[in-house]
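Colleague: Sequence and predicted model, in that order:
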Amino acid sequence: MIRQPIVAVLGHVDHGKTTLLDRIRGTKVVSHEAGGITQHIGATEVPIEVVKEQCGDLVKNLTLTIPGLLFIDTPGHEAFTTLRSRGGSLADIAVLIIDINEGLQPQTIESLTILKQFKTPFFVVLNKVDRVRGWKPIGGNSFMRTYRAQDEGVRRAIDNKMYEIMGQLYDNGFESQRFDQIKDFTKSIALVPASAIQGVGVAEIMMLLAGLSQRYLERRLDVSIKGPAKGTVLEVKETIGFGTTIDVIISDGTLHAGDIIVLGGRNGIVQTKVRALLKPRALEEIRDPRYRFETVDEVPSAAGIKIAAPGLDDVLAGSPLMAATDDIDQARSTIMAEIRKFRIARDTTGLIVKADTLGSLEAIVGTLRRKEIPIRNADIGDVQKKDVIEAVSVAEKNIYDAVILAFNVSVSEEIQEMADRADIPVIRSDIVYKLLEDYEELLERMRREEEERKKMGLIYPGKFMLLPQMVFRKAKPAIVGVEVLAGRIVPNRDIIKGDGTKVGKIKGIKDGDEFLKVATVGKQVAVSIEGPTIGRQVEEGEVLYIDMPNSNIERLKEIELAPEEEEVVSFLSKLKKKTLLWGG
């Protein structure tokens, strides 16, 4: 039979994810949350009769066999990555919410990246059209009907904002058009302008969800509800009267009270027996504490279900769940293989990655692998002492890899202090690309600092010519006009000829009446040279070099130099070998 499609709602903070779900449900969950921002994961079942009622005439010509829609409430891409399933997404279809007035924001781009990685079909809701200047609400939930009733200037403003977002989506690799202008939904992303707060556009949103699911996802939704249940753990939490419970999306088969279930835990496999199945009524929400759950004997897919069972404290959010009716060993090995796939302990050097769920770990590991960044260890849970110790061992091989990336997990004050003492950077974020961006910025800063350290105490290459007819004193010290041909010259540096013969030492550099600490390429200055007599040891027009030991030459090869400086270093290196003046 056809199950309900599982719908994920993604988008940047405050762009209207929960408000849209409220409008669909007819509840006010958002009003119970701090700052109106979603903080917990939930699921809402919307029966097909309600879908048809909200769509009105828009679906009168559609044959809908799906039993309804199962909405996963947010937080956005974090919930979506938790809904992972063997390298793909458990969500069948996604709705990406974008504020039409703000366009793409950091979490929007993050959501697009993850949708692309998990190959999930989606369309875009351009929310908050009611904030466009001059917008007039006319009642009803159809965007097109309301749009046609607006003044021409308002329609033009909406169109222009939409075109701008189409350009931003194109820059991120997606072709898009307004939903009513698309001929092939497999080639363009549909855009639905809407006002979640006024309910405008809900008719078109529900029509697209039902219609696209029916047309393109029917084979995926055709599951056996008679077989053992499979699903994904959304959250692990305390529930009054039941102890530790898990919120689960069942995507295949049927789960029964009394079933043996196998899940992934922090310390291996968790095997337990379902004590109670707690199911919300249709159009009610798993996470809403005001509603009592009804106890049911069984739950067919697809459904959001709360499971009470002993020994759930160790369960990982994002873990697959399997009911083991026949072969428990097979279920255990399947789950273990899935958990091990992303809990990496492989490379001898590389980053330490910690994340809150298997899904977010998968997203981070996938991105790091694409960038060919080595990973020493990737695991679920807060940053611990052993992670810092492991990073310290990495630092002995490569300081650039000795970094801990912490995605949406805690770092205690004690652990942070330990990392600081060991000089191990800990980068924290709840946005994958921001985590990697911060890491790349850190790398750049570390390389700059390393470059500066290498430069400290270095003798830089310098090549200069004694200008003809610019001898002001022949000796004790010789004072002569010179031109710097490459690199730089500074006081108190020994100088040599092109054949390696020692000449003397630069005592001072002067430009007019001003004494200089350095003269760079192209400069013509007067220098005082202690040691030679002009016309005897050196001649006018002769080219001289700043002398340096071989160890300095080798250090210069490690830093970035101008091409003409590199030529001087290469010349001196060959000269030293030729004249056997090593070991300086």
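Modeller: Cool, the structure landed.

Colleague: how much space between residue 320 and residue 227?
Modeller: Per Cβ to Cβ, to the nearest Å, residue 320 is found 15 Å from residue 227. In this view, the C-beta of every residue, glycine as well, is placed from N, C-alpha and C.

Colleague: in stretch 497-510, what counts as buried?
Modeller: Residues of stretch 497-510 classed as buried by neighbour count (16 or more other Cβ atoms under 10 Å): 497, 503-509.

Colleague: neighbouring contacts of that stretch?
Modeller: For stretch 497-510, contacts defined as Cβ atoms under 8 Å, 6 or more residues apart in numbering pick out 477-478, 489-496, 515-519, 525-532, 537-538, 542-545, 547, 575-576, 578-579, 581.

Colleague: go with 7 Å
Modeller: 477, 489, 491-496, 515-516, 519, 525-532, 537-538, 543-545, 547, 575, 579, 581 (Cβ atoms under 7 Å, 6 or more residues apart in numbering).

Colleague: Let me have the buried residues of stretch 497-510 in a markdown table, extended by distance to residue 403.
Modeller: Shown next, in a markdown table, are those (distance: Cβ to Cβ, whole Å):
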| residue | distance to residue 403 |
| --- | --- |
| 497 | 49 |
| 503 | 49 |
| 504 | 49 |
| 505 | 45 |
| 506 | 44 |
| 507 | 48 |
| 508 | 47 |
| 509 | 44 |
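
Colleague: Just the ones in strands from the residues you listed, please.
Modeller: Within these, residues falling in strands by DSSP state E are 497, 503-509.

Colleague: how close does residue 574 get to residue 498?
Modeller: According to Cβ to Cβ, residue 574 and residue 498 sit 11 Å apart.

Colleague: Same question for residue 486.
Modeller: Note on residue 486: its distance to residue 498, by Cβ to Cβ, is 13 Å.

Colleague: With residue 450 instead?
Modeller: The gap separating residue 450 from residue 498 is 33 Å, by Cβ to Cβ.

Colleague: on that earlier part again, of residue 320 and residue 227, who's got more company?
Modeller: Applying other Cβ atoms under 10 Å to residue 320 and residue 227 shows that residue 320 carries more neighbours, namely 24 against 13.

Colleague: which residues touch that one?
Modeller: 232, 264, 335, 338 are the contacts of residue 320 under Cβ under 7 Å, 6+ apart.

Colleague: any idea which of those is least confident?
Modeller: Ranked by pLDDT, the contacts of residue 320 bottom out at residue 338, which has 77.

Colleague: Which of the helices or strands spans that residue?
Modeller: helix 328-340 (DSSP states H and E).

Colleague: Tell me the helices and strands packed up against that helix.
Modeller: strand 260-265, strand 268-273, strand 320-323 (3 or more Cβ pairs under 7 Å, 6 or more residues apart in numbering; DSSP states H and E).

Colleague: So which bits of it are buried?
Modeller: 331-332, 334-335, 338-339.

Colleague: mind checking how far it is from the chain centre?
Modeller: Put simply, helix 328-340 sits 29 Å off its chain's centre (Cα atoms, centre = their mean, to the nearest Å).

Colleague: do the same with stretch 239-254
Modeller: The answer for stretch 239-254 is 29 Å, by Cα atoms, centre = their mean.

Colleague: And for residue 149, the neighbour number?
Modeller: 14.

Colleague: got the contact list for it?
Modeller: Counted by Cβ under 7 Å, 6+ apart, residue 149 has contacts residue 138.

Colleague: got it, and the one 4 residues further on?
Modeller: Residues counted as contacts of residue 153 (Cβ under 7 Å, 6+ apart) are residue 134.

Colleague: Could you confirm it falls within a helix?
Modeller: Yes - assessed with DSSP: H, G, I helix; E, B strand; the rest coil, residue 153 lies in a helix.

Colleague: Could you measure from it over to residue 224?
Modeller: In terms of Cβ to Cβ, residue 153 sits 55 Å off from residue 224.

Colleague: can you give me the strands in the stretch 101-250 of the chain?
Modeller: 122-127, 176-178, 189-193, 230-239, 243-252 (DSSP state E, counting those that start in this stretch).

Colleague: tell me the mean pLDDT over the shortest one?
Modeller: If I follow you right, that is strand 176-178. Strand 176-178 comes out at a mean pLDDT of 96.

Colleague: got a list of contacts for it?
Modeller: 124, 162, 166, 169, 188-189, 191.

Colleague: Which single one of these is nearest to residue 327?
Modeller: Closest approach to residue 327 among the contacts of strand 176-178 (Cβ to Cβ): residue 189, at 42.2 Å.

Colleague: What is the burial count for that closest one?
Modeller: 21.

Colleague: Who are the contact partners of it?
Modeller: 123-124, 169, 174-176.

Colleague: pretty sure residue 336 is in contact with residue 269, am I right?
Modeller: Yes - counting by Cβ atoms under 7 Å, residue 336 touches residue 269, with 5.9 Å between them.

Colleague: who wins for proximity to residue 407 among the helices and strands packed on helix 328-340?
Modeller: With Cβ to Cβ as the measure, strand 260-265 is the member of the helices and strands packed on helix 328-340 nearest residue 407 (17.7 Å).

Colleague: If you compare the directions of the closest one and helix 328-340, what angle comes out?
Modeller: Counting by axes from the mean of the first three to the mean of the last three Cα atoms, to 10 degrees, strand 260-265 points 20 degrees away from the direction of helix 328-340.

Colleague: what distance separates strand 260-265 from the centre of its chain?
Modeller: The answer for strand 260-265 is 29 Å, by Cα atoms, centre = their mean.

Colleague: name the helices or strands packed onto it?
Modeller: Counting contacts by 3+ Cβ pairs under 7 Å, 6+ apart, strand 260-265 packs against strand 268-273, strand 320-323, helix 328-340.

Colleague: Dump the shortest one to PDB, restricted to CA.
Modeller: The reference is to strand 320-323. Extracted in PDB, the C-alpha atoms of strand 320-323 (Å, rounded to 0.1, in the frame of the first residue of the first chain):
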ATOM      1  CA  PRO A 320      18.400   3.600  12.400                       C
ATOM      2  CA  LEU A 321      15.800   1.400  14.200                       C
ATOM      3  CA  MET A 322      14.800  -2.100  13.200                       C
ATOM      4  CA  ALA A 323      12.200  -4.400  14.700                       C
END
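
Colleague: residues contacting residue 264?
Modeller: Per Cβ under 7 Å, 6+ apart, neighbours of residue 264: 316, 319-320, 335, 338-339.

Colleague: for residue 188, that is, sorry about that
Modeller: Contacts of residue 188 (Cβ under 7 Å, 6+ apart): 175-177, 182.

Colleague: closest to residue 128 among those?
Modeller: Of all the contacts of residue 188, residue 128 sits closest to residue 176, with 17.8 Å by Cβ to Cβ.

Colleague: And residue 330, what's its pLDDT?
Modeller: Looking at residue 330, its pLDDT stands at 87.

Colleague: Skip the chain neighbours and tell me the closest residue to it.
Modeller: Closest residue in space to residue 330, ignoring its immediate chain neighbours: residue 324 at 7.7 Å, by Cβ to Cβ, 6 or more residues apart in numbering.

Colleague: just the strands in the stretch 301-450 of the chain please.
Modeller: For the stretch 301-450 of the chain, applying DSSP E, counting those that start in this stretch gives strands covering 303-308, 320-323, 351-355, 375-380, 404-407, 426-429.

Colleague: okay, now the nearest residue to residue 418 once chain neighbours are set aside: neighbour count?
Modeller: Nearest residue to residue 418 in three dimensions, chain neighbours excluded: residue 388, at 5.2 Å (Cβ to Cβ, 6+ apart). Using other Cβ under 10 Å, residue 388 has 22 neighbouring residues.

Colleague: now residue 447
Modeller: 11.

Colleague: and what of residue 353?
Modeller: Residue 353 has 27 nearby residues by other Cβ under 10 Å.

Colleague: beta partners of it?
Modeller: Legend: beta-bridge partners of residue 353 under DSSP bridges are residue 378, residue 405.

Colleague: Give me the pLDDT for it.
Modeller: 95.

Colleague: For stretch 232-249, measure first residue to last.
Modeller: By Cα to Cα, to the nearest Å, the extent of stretch 232-249 from end to end equals 5 Å.
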